[in-house]
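Visitor: Here's a sequence, model it:
(chains A and B)
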2 protein chains.
Amino acid sequence: MTDEMEVLFEKLSAFYEERKYADLRILLLDMEPTDIAAFMEENLDDKDQIRFFRLLPKELASDVFVEIDSDTQEHLIKSFSDTELKAVIDDMFLDDTVDIIEEMPANVVKRILATSTAENRKQLNELLEYPDDSAGSIMTTEFVALSADMTVKDAFDKIRKTGINSETIYTCYVTDGKKHLIGVVTVKKLLLAQMTDIIRDVMDDAPISVETLEDKEDVAMKLSKYDFLALPVVDKEGCIVGIVTVDDAVDVLQEEATEDIQKMAAILPNEKPYLKQSTGNIWKARIPWLLLLMVSATFTSMILSGYENKLALLPTGAILYAFVPMLMDTAGNAGGQSSVTVIRALALNEIEFKDIFQIIWKELRVSILLALTVAAVCFAKLMLIDRLYNNFEWNVAAIVSGVLFITIVMAKLVGCILPLIAKKCKLDPAVVASPFITTIVDALSLIIYCSIAIALL
Amino acid sequence: MTDEMEVLFEKLSAFYEERKYADLRILLLDMEPTDIAAFMEENLDDKDQIRFFRLLPKELASDVFVEIDSDTQEHLIKSFSDTELKAVIDDMFLDDTVDIIEEMPANVVKRILATSTAENRKQLNELLEYPDDSAGSIMTTEFVALSADMTVKDAFDKIRKTGINSETIYTCYVTDGKKHLIGVVTVKKLLLAQMTDIIRDVMDDAPISVETLEDKEDVAMKLSKYDFLALPVVDKEGCIVGIVTVDDAVDVLQEEATEDIQKMAAILPNEKPYLKQSTGNIWKARIPWLLLLMVSATFTSMILSGYENKLALLPTGAILYAFVPMLMDTAGNAGGQSSVTVIRALALNEIEFKDIFQIIWKELRVSILLALTVAAVCFAKLMLIDRLYNNFEWNVAAIVSGVLFITIVMAKLVGCILPLIAKKCKLDPAVVASPFITTIVDALSLIIYCSIAIALL
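Guide: A predicted model of the protein is given here:
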């Protein structure tokens, strides 16, 4: 938090405690809703939160409510009278109401729906039915619709009339009598046109749209690719049913990046902020992969045990054991570099499965260069440093470095191919990432190491 | 690429090859610039790219040029006459020109600056001086400035006059005679106000702004937090010098997520798309950490060698070796889960350094639960599965599981504390992430394992 904000929060606290409500309101009117929400969460207890919320200027109440975390929202709703709840809900955009409803227990949802107008209730129920990851689930049904034969002046009148209840007015959607999306026009274009111009002549008549069931991540990527402020969502008949705005798209992109990062770190994705997650939830998100990977490491133990008798016969057996962690870690790091690069490039739509041969060719060249460098440095290190505390000849160093070379190339190829195959099989590339690849690469490295060592020594 | 887009691209190719330029233009006018750029990159060779570019409708040329990758941009500029270059550059927003200049070799930069108007050249030079990661480097100087005593009608006239050259007209900035930022007003508010209203009365007079040298990631996070379409950038005197628009903020957030992912995977951050990176560049981005981690694994070899003589005396020595990879991998995974969670939460401003005790307490409870589960499953696995191919008693299984318990708790604590300390020391938390923590955790696990085994067996 900035110092400025801290000073502001202290002032708010002081006015609130001294019951200087007029001064408090003046401060609040100049603040952004999200900052007011942060103040309430950080500085007030349950009882004060509801008292403070009732002091909010009416025009701010809904905006602040939307920004509060869901536990506090639930607690506030439970303290609200029906009239208060209705005032807050009616002032909210429908997509925000949907977000809130999705976090609330059934009895609270019932109350919210009961206090909504019949029209809103119908739309809410429709929005709630879209699958969690779809365009429909993040869209709002409140937008400005124009018809093609309006003049620009008519359009402005319509915007003035419906604008206050629309999430964005800056992109208006042109529909025919049956709600088919036939064009799009920005307020910028309208402002630069003549008042007597006809919408048909100023609109862009090949609007880019998405379908209700499209993946919300694809929708967000599309919006960002075209630098739009909103994207229209159409049903199978091409009728516009809602819009997705850029602020929601940004949230989706951030969430998806977080999810990918979690998956790469062997955590089940979880949308809640870290400090809000319960111990049990964190445990649940982390235990499956931790267990699976621990059990799958049985392979490495089996491999090591399998070669044990033969390795024990070698005079350098124990010395060879000492380099196993280094070999495995380096192979894991090398594979991780490639897999993470490919996974991120897939997420950003930079590459597709059809690029697989180009990618393998690229990784092969890079991996040979990398493997040469690392193996050379490793050989030097073994001869100059490791021999200070261990007793072995150059042939051991050569074998270790040689195996390192092979495992790096192998790890990089596995690392780049697996995510691509996952994508092709419609699995999530991020899930097969680092942790899974590490296990495969570990097992392969051990086999290569032990068999080469036994063959040559 | 969607099927629809593929069909469109084939049509474009056909029209271009059959020299049906009128039909081509009609298609192009309905397309988004970024799609046209993609077509040029994927379907045309160097010579055709310049020919095709000259066929573009004049109003599209600059928009398409901005979307093309920098190698093609360079090649196009080199083929342009001075008049062509001037036409393209003059039509571009200044922040896009800056982005292009930053990727071009010196002689091309010279030509771009030479063809710019004197006014633009001055502004370009100023923009180019801002550090790479600052708000100044991503802002544009083209915005709508209003004065407080204008009427709403005056404001609309000003927007109509300067709007076409502004990157966004939807948020207008109110300044005093000395360019101090004193307010902000959205076009939505203007449209809903009376034409005779005075700007002073409709504007929001506590605008949120950022300073020119603020980190661009913080700027993007701020814009996303407040759901704004643009943020004003002010200098130290509070004078507005530019704005950052939401489309650029989205790009920054995506880049930063990619960078963090790269750093966590032990890769030096690299902004270029994967397929555009040369083999040499990829090698340069990956080799430093790969080498450093390989060399630092010397510790694990030293530790294993150090305990070697004592372990060799144990009847179960070789068996104990077999579980080293499993122990190290599990510890690495456990530490990675915590470090990645903390790093992402730091990046999203969900936590700060001052939350360190709350975080440690949370991770401690989670880690004990996780460690108990994993150790119990491990004990069962050792007794039921591993004894099928290896000969050991329950006391070995108990020691391995016990050590697993300790290392998981230890790894999770190291994993959550290190990124927080890095943040406090103004280092990049993502850099100390998985790879570095793995090395530390590996070494500690080995020491714990070997010393406990020797002490108890």
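
Visitor: Run through the residues that contact A:P269.
Guide: A:T258, A:E259, A:Q262, A:K263, A:A285 (CB atoms under 8 Å, 6 or more residues apart in numbering or on different chains). Where C-beta positions appear, they are placed from N, C-alpha and C, glycine not excepted.

Visitor: Closest one of these to chain B?
Guide: Proximity of these to chain B (CB to the nearest CB) peaks at A:T258, which lies at 5.6 Å.

Visitor: thinking the closest one is in contact with B:A345, fair?
Guide: No - the pair A:T258 / B:A345 is not scored as a contact, 9.0 Å apart, by CB atoms under 8 Å.

Visitor: host element of A:V241?
Guide: Secondary structure assignment for A:V241, by DSSP states H and E: strand A:240-245.

Visitor: near chain B, anything from that strand?
Guide: No - interface with chain B: strand A:240-245 contributes nothing (CB under 8 Å from any CB of the partner chain), its closest point being 8.6 Å away.

Visitor: touching chain B at all, whatever helix or strand comes next after that strand?
Guide: Proceeding N to C from strand A:240-245, the next assigned helix or strand is helix A:246-264, under DSSP H and E. Yes - for helix A:246-264 and chain B, the contact criterion (CB under 8 Å from any CB) is met by A:246-247, A:249-251, A:253-254, A:257-258, A:260-262, A:264.

Visitor: re the thing from before, run the chain-centre distance for the strand holding A:V241.
Guide: 21 Å (CA atoms, centre = their mean, to the nearest Å).

Visitor: which other helices and strands contact it?
Guide: The elements that strand A:240-245 packs onto, with contact taken as 3 or more CB pairs under 8 Å, 6 or more residues apart in numbering or on different chains; DSSP states H and E, are helix A:135-138, strand A:171-175, helix A:216-226, strand A:230-234.

Visitor: Let's see that with 6 Å instead.
Guide: The helices and strands touching strand A:240-245, judged by 3 or more CB pairs under 6 Å, 6 or more residues apart in numbering or on different chains; DSSP states H and E, are strand A:230-234.

Visitor: quick one: the strand it packs on to strand A:171-175, angle?
Guide: Strand A:230-234 and strand A:171-175 are oriented at 30 degrees to each other (axes from the mean of the first three to the mean of the last three CA atoms, to 10 degrees).

Visitor: doesn't A:T439 make contact with A:S296?
Guide: Yes - applying CB atoms under 6 Å, one finds A:S296 in contact with A:T439, separated by 4.8 Å.

Visitor: Among the two, which residue is more densely surrounded?
Guide: A:T439 (22 against 18; other CB atoms under 10 Å in any protein chain shown).

Visitor: how far away is that one from A:M328?
Guide: Going from A:T439 to A:M328 by CB to CB, to the nearest Å gives 10 Å.

Visitor: remind me which residues of the stretch 301-450 of chain A are low pLDDT?
Guide: A:433-435 (pLDDT under 70).

Visitor: Which residues of it lie near chain B?
Guide: A:301-302, A:304-305, A:308, A:318, A:321-323, A:325-326, A:328-330, A:333, A:336-337, A:340-341, A:344-345, A:350, A:365-366, A:369-370, A:373-374, A:377, A:389-390, A:435 (CB under 6 Å from any CB of the partner chain).

Visitor: Now, of those, which are buried?
Guide: A:301-302, A:304-305, A:308, A:318, A:321-323, A:325-326, A:328-330, A:333, A:336-337, A:340-341, A:344-345, A:350, A:366, A:369-370, A:373-374, A:377, A:390, A:435 (16 or more other CB atoms under 10 Å in any protein chain shown).

Visitor: Out of those, name the ones that lie in strands.
Guide: Residues of those located in strands (DSSP state E): none.

Visitor: Please flag which of the residues you listed sit within helices.
Guide: A:301-302, A:304-305, A:308, A:318, A:321-322, A:325-326, A:328-330, A:333, A:336-337, A:340-341, A:344-345, A:366, A:369-370, A:373-374, A:377, A:435 (DSSP state H).

Visitor: List phi and psi for A:Q49.
Guide: phi -60, psi -40 (degrees, to the nearest 10).

Visitor: Show the model's pLDDT score for it.
Guide: A:Q49 carries a pLDDT score of 92 in this model.

Visitor: That one - nearest residue in space that isn't next to it in sequence?
Guide: The shortest distance from A:Q49 to any residue other than its chain neighbours is 5.3 Å, reached at A:M40 (CB to CB, 6 or more residues apart in numbering or on different chains).

Visitor: now do A:F299
Guide: A:A443 (4.7 Å).

Visitor: so the one you found makes contact with A:A297?
Guide: No - look at A:A443 against A:A297 with CB under 6 Å: they stay out of range, at 8.9 Å.

Visitor: The two: which is more packed in?
Guide: A:A297 (24 against 19).

Visitor: Confirm for me that that one is in contact with B:M326.
Guide: Yes - contact criterion CB under 6 Å: A:A297 and B:M326 qualify, at 3.6 Å.

Visitor: all helices of the stretch 101-250 of chain A, in order?
Guide: Counting by DSSP state H, counting those that start in this stretch, the stretch 101-250 of chain A has these helices, from start to end: A:106-115, A:118-128, A:135-138, A:152-162, A:187-192, A:199-202, A:216-226, A:246-264.

Visitor: which of those helices is buried the deepest?
Guide: Counting by mean count of other CB atoms under 10 Å in any protein chain shown, helix A:135-138 has the highest mean neighbour count of the helices of the stretch 101-250 of chain A, with a mean of 25.

Visitor: got the contact list for it?
Guide: Outside of helix A:135-138, the residues within contact range by CB atoms under 6 Å, 6 or more residues apart in numbering or on different chains are A:Y130, A:V210, A:T212, A:E214, A:K216, A:V219, A:V233, A:V244, A:D248.

Visitor: Alpha carbons of that helix, as CSV, please.
Guide: Extracted C-alpha coordinates of helix A:135-138, given in CSV (Å, rounded to 0.1, in the frame of the first residue of the first chain):
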residue,chain,number,x,y,z
ALA,A,135,-17.9,-16.6,-22.8
GLY,A,136,-21.4,-16.7,-21.5
SER,A,137,-20.2,-16.9,-17.9
ILE,A,138,-18.3,-13.6,-18.1
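
Visitor: how many other residues sit next to A:A230?
Guide: Neighbourhood size, A:A230 [other CB under 10 Å]: 27.

Visitor: Which residue, other than its chain neighbours, is closest to the spatially most central residue of chain A?
Guide: Nearest to the geometric centre of chain A sits A:E256, at 1.7 Å (CA atoms, centre = their mean). Computed as CB to CB, 6+ apart, the closest residue to A:E256 that is not its neighbour in sequence is A:E217, at 4.9 Å.

Visitor: any idea how far the residue of the stretch 1-150 of chain A found nearest chain B lies from A:P207?
Guide: Proximity of the stretch 1-150 of chain A to chain B (CB to the nearest CB) peaks at A:D30, 3.9 Å away. The spacing between A:D30 and A:P207, counted by CB to CB, is 38 Å.

Visitor: same check, this time on A:D82
Guide: Distance from A:D82 to A:P207, by CB to CB: 41 Å.

Visitor: who's more crowded, these two?
Guide: Neighbours were counted for A:D82 and for A:P207 using other CB under 10 Å; A:P207 has more, 19 against 10.

Visitor: Run a quick neighbour tally on the residue lying closest to that one once chain neighbours are set aside.
Guide: Spatial nearest neighbour of A:P207, chain neighbours left out: A:V184 (4.0 Å); criterion: CB to CB, 6+ apart. If you count neighbours by other CB under 10 Å, A:V184 ends up with 23.

Visitor: Next one: A:V184, what pLDDT does it get?
Guide: 95.

Visitor: What of the one 5 residues further on?
Guide: At A:K189, the predicted lDDT confidence score is 91.

Visitor: wait, what's in contact with it?
Guide: A:V202.

Visitor: do you know how far A:K179 is from B:V144?
Guide: 34 Å.

Visitor: Which one of the two is surrounded by more residues?
Guide: B:V144 (23 against 16).

Visitor: what sits against the more buried one?
Guide: Per CB under 6 Å, 6+ apart, neighbours of B:V144: B:I159, B:T162, B:S166, B:I169, B:C172.
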